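Participant: Quick one: sequence plus predicted model below, questions after.
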Number of protein chains: 2
Amino acid sequence: MMRSSLSFMRIERVLISHFHGDHFLGLPGLLQSMAFNGRSEPLSVYGPHGIKRLVETIGNLGYFPHTFPIRVVEMGDKTEVDCGDYWLRTRAVDHLVPTLAYCLEEKARQGKFDVQKAHQLGIPEGPLYRRLQGGKTITVEGKKIKPEAVVGPPRPGRKVVYSGDTRPTQAVVDLAMGCDVLIHDATMESDLERQCFEYGHSTPAQAAQIAVKSKAKMLFLTHISPRYDEKGKAKRLEDEARAVFPHSVIARDLLEYVVKYAE
Amino acid sequence: MMRSSLSFMRIERVLISHFHGDHFLGLPGLLQSMAFNGRSEPLSVYGPHGIKRLVETIGNLGYFPHTFPIRVVEMGDKTEVDCGDYWLRTRAVDHLVPTLAYCLEEKARQGKFDVQKAHQLGIPEGPLYRRLQGGKTITVEGKKIKPEAVVGPPRPGRKVVYSGDTRPTQAVVDLAMGCDVLIHDATMESDLERQCFEYGHSTPAQAAQIAVKSKAKMLFLTHISPRYDEKGKAKRLEDEARAVFPHSVIARDLLEYVVKYAE
């Protein structure tokens, strides 16, 4: 995280999928680093049932300076949290232990303001623009002008879905419906599908099927087994997914992707 | 560690200096990785008082498969443990919280066997060599031959001392006396000596003084403050140490150094 373009001090929320070591053991170091750097702003930590006890335990590891409040929220299946600009939603997924997938969906944004139209209607720039943007009807030279005349329909926000470890499941399809980005488990190639299922994971083809069914715009494959570390091997997983869903990409450390608004 | 030439699965002992996050929070991930890779061999973990509770707590974080036994040893000042080929020794050092420095000292090795001398004395190669090497007196053609005649004096083993965070202290000088390698805290340059002391750390010059006093052969400076991350800045710390003790080197991630036997 220190090598990324993000500042770990500016994180406001941490989402934990489940309590396998490779999915939460970065938390103790992150919390202590925040404290050592003198954080005072509160932090929210979300996770399955047990996250409260976990964060409490972490706070008792060694000498932990408690410089900032931690708000811990235990999430179940279909939990919804209002995060101001966006909604945070969960679904329970299908892994060996209780595991959550998370959806971050921005609230709809205000419609586009048509400046040209406003000019044509003779509305002077300034406070009247803001009244219309705020949904109010105004009067210009005795004429009533409704906001719909110059403000377009609300535009949908962006939607990103992260599933931790999971077998392919309808729960993710439901959660990810129409999302801009789906981040999905793709641990092993299809020739190991049986073993993959046994360990509670998905193949690239299965992940791609979820992307197709949920009409996602983009699929990032994660949690690739170390058996594919060798150069070229991971590419095979990408090819397997692309045969089903063309917009599939194998995630790599520090990969950045800008999620654009739909036109 | 995965990027190093060492296998984390082959670790037999872990030494913890103290319970500040940057000095022990690698332990949960290490232990879980060992377990997930199916380790069955026991592991020993050493640390200051509190290490037992810490390892127990770590074992209760999330779903931790207990595939191997962990032997936890609480160490005090001047604790000595026989590790077979070497001794493990501690000294309490001077930091903000209870902190240990560790010395690993190989036991003396057998003296050199002088093959030429053995030939001259008419000793036939084979079992008699081994008897002499084992310290036994032998008889060849009626003549008694003592081991000292062909086996040199015991040769000292190698000695490596690691001090975690510490202000300069005589305890490290004592522990490191005559060592091959001393690894020492050198957090800030001398112009910040006061601040450095306040935080319980040493300057490169202070670390180098410890190396001089203990007659160490080699000094590695560690725990460099991130304020010196910029290129060239860390070199200044090395220069500061070298002005006092020429064989000073700033440690960097994945640095390897072969500790040779004294001639």
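Facilitator: Cool, the structure landed.
Participant: quick one: buried residues of stretch A:99-109?
Facilitator: Using 16 or more other C-beta atoms under 10 Å in any protein chain shown as the burial criterion, the residues of stretch A:99-109 that qualify are A:99-106. (Each C-beta comes from the backbone N, C-alpha and C, glycine too.)
Participant: as a whole number, average confidence for that stretch?
Facilitator: Mean pLDDT, computed over stretch A:99-109, is 96.
Participant: Report whether that stretch contacts chain B.
Facilitator: No - using C-beta under 8 Å from any C-beta of the partner chain, stretch A:99-109 stays clear of chain B, with a minimum separation of 11.0 Å.
Participant: contact partners of that stretch?
Facilitator: Here stretch A:99-109 makes contact (C-beta atoms under 8 Å, 6 or more residues apart in numbering or on different chains) with A:15, A:17-18, A:46-48, A:75, A:77, A:83, A:85-93, A:154-166, A:171-172, A:175-176, A:179, A:261.
Participant: Can you tell me which residues in chain A are near chain B?
Facilitator: Near chain B, when you scan chain A using C-beta under 8 Å from any C-beta, you find A:19-22, A:24-25, A:28-29, A:32-33, A:36, A:54, A:57-58, A:60-64, A:97.
Participant: out of the residues you listed, which are buried?
Facilitator: For those, buried by 16+ other C-beta under 10 Å: A:19-21, A:24-25, A:28-29, A:32-33, A:54, A:58, A:61-62, A:64.
Participant: thinking again about what came up before, show me the buried residues of stretch A:99-109 that map onto strands.
Facilitator: Secondary structure from DSSP state E places A:100-106 of the buried residues of stretch A:99-109 in strands.
Participant: can you pull the buried residues of stretch A:10-19?
Facilitator: Those would be A:14-19, for stretch A:10-19 by 16+ other C-beta under 10 Å.
Participant: Span of it from start to end?
Facilitator: Stretch A:10-19 has an end-to-end distance of 24 Å (C-alpha to C-alpha, to the nearest Å).
Participant: For the stretch 151-263 of chain A, give me the ranges with low pLDDT.
Facilitator: Within the stretch 151-263 of chain A, the stretches with pLDDT under 70 are A:263.
Participant: What's the separation between the residue of the stretch 151-263 of chain A found nearest chain B and B:Ala216?
Facilitator: Per C-beta to the nearest C-beta, A:Pro226 is where the stretch 151-263 of chain A lies closest to chain B, at 9.2 Å. For A:Pro226, the distance to B:Ala216 equals 40 Å [C-beta to C-beta, to the nearest Å].
Participant: if you count what's nearby, which of these two comes out ahead?
Facilitator: B:Ala216 (28 against 7; other C-beta atoms under 10 Å in any protein chain shown).
Participant: Looks to me like that one is in a helix.
Facilitator: No - counting by DSSP: H, G, I helix; E, B strand; the rest coil, B:Ala216 is located in no helix; its state is coil.
Participant: Among the ones in strands among the buried residues of stretch A:99-109, which one lies nearest to chain B?
Facilitator: Nearest to chain B out of those is A:Leu100 (C-beta to the nearest C-beta; 14.1 Å).
Participant: Any figure for the gap between the closest one and B:Gly152?
Facilitator: Applying C-beta to C-beta to A:Leu100 and B:Gly152 gives a distance of 67 Å.
Participant: Any idea how many residues pack against the nearest residue to A:Cys179 once chain neighbours are set aside?
Facilitator: In this structure, A:Cys179 finds its nearest non-sequential neighbour in A:Lys159, 4.2 Å apart by C-beta to C-beta, 6 or more residues apart in numbering or on different chains. Using other C-beta under 10 Å, A:Lys159 has 24 neighbouring residues.
Participant: Reformat the buried residues of stretch A:99-109 as a markdown table; add distance to B:Gln195.
Facilitator: Below are the buried residues of stretch A:99-109 laid out as a markdown table (distance: C-beta to C-beta, whole Å):
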| residue | distance to B:Gln195 |
| --- | --- |
| A:Thr99 | 46 |
| A:Leu100 | 44 |
| A:Ala101 | 47 |
| A:Tyr102 | 42 |
| A:Cys103 | 47 |
| A:Leu104 | 42 |
| A:Glu105 | 47 |
| A:Glu106 | 45 |
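Participant: Which two of those residues have the greatest separation?
Facilitator: Farthest pair in these (C-beta to C-beta) is A:Thr99 and A:Glu106. Separation: 24.5 Å.
Participant: how does chain A divide into domains?
Facilitator: Recorded structural domains for chain A (assignment: automatic domain parsing) are A:1-74, A:76-109+A:156-263, A:115-149.
Participant: How about the contacts made by A:Ser44?
Facilitator: When contacts are counted by C-beta under 8 Å, 6+ apart, A:Ser44 touches A:12-14, A:70-73.
Participant: Next, give me the two most distant ones among those.
Facilitator: The most widely separated members of the contacts of A:Ser44 are A:Glu12 and A:Val72, with 13.9 Å between them, by C-beta to C-beta.
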